[in-house]
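sequence and computational prediction follow.
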Amino acid sequence: MNFILEGSLKGLNKWLRFLGYRTEICEKKITKETLLQNKDKVFLITSLETAEIAKKIGVKFLLLPKENLKTQLFMVITKFNLTPKLKLDLCSLCGEKLIPVQKENFKDEIPPRVYQSINKYNYCLKCKKLYWEGDHIKRLKEKFRKLLSLNVQSKD
Ligand SMILES: [Zn+2]
């Protein structure tokens, strides 16, 4: 399933990529033409106006609240039955599929401490960026758990 997200949904876009879903951001206003050209994709939007056009011409969409990332993520996961697991197999910058690489080939780019302790590396050919599972991934997983914990605030 490929998603096209409204420009205001960059936070959500990032998390969907972490989950391994293919996404793109539409920076311009989503017009009827944009919708028609991408009928095979699902639009994630916050604009009621866009929702009405999409409905009229039969393009798949989900209307989301403007601000709350937690709610947005929950709604998308529930509606499309997505697997709420961080796959981290897409480049978080451009959304391309990462390819596994041998660390020996990237020795110059990896800090020595990381090189010694981590064996799994992925690479984005488009951005020329190397990824590995360091401390920031641990923090990311923690943040994801918090994002998905929905009943924290309800006391009764
Ligand atoms: Zn990339």
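Right, received. Where do you want to start? Residues are numbered from 1 along each chain as shown.

isn't residue 63 right up against residue 43?
No - with contact taken as CB atoms under 8 Å, residue 63 and residue 43 are classed as non-touching, separated by 9.3 Å. To be clear about C-beta, it is placed using only N, CA and C from the backbone, and glycine gets the same treatment.

which of these two has more neighbours?
residue 43 (23 against 16; other CB atoms under 10 Å).

Three-state assignment for the more buried one, please.
When the structure is split into helix, strand and coil by DSSP: H, G, I helix; E, B strand; the rest coil, residue 43 lands in strand.

what's the burial count for the closest residue to it other than its chain neighbours?
When the adjacent residues along the chain are set aside, residue 43 lies closest to residue 61, with 4.1 Å between them (CB to CB, 6 or more residues apart in numbering). Other residues lying near residue 61 total 22 when counted by other CB under 10 Å.

report the contact partners of residue 61.
Residues touching residue 61, when contacts are defined by CB atoms under 8 Å, 6 or more residues apart in numbering, comprise 42-45, 50-51, 54-55.

at 10 Å what do you get?
Counting by CB atoms under 10 Å, 6 or more residues apart in numbering, residue 61 touches 3-4, 6, 30, 35, 41-45, 47, 50-55.

could you do residue 31 as well?
With CB under 10 Å, 6+ apart as the criterion, the residues that contact residue 31 are 37, 50, 53.

from these, pick the one nearest the ion.
Proximity of these to the ion, judged by CB to the ion, is greatest for residue 37, which lies at 23.5 Å.

looking at this structure, which helix or strand does the model trust least?
Among the secondary structure pieces of the chain, namely its helices and strands, helix 135-148 has the lowest mean (mean pLDDT, DSSP states H and E), a mean of 90.
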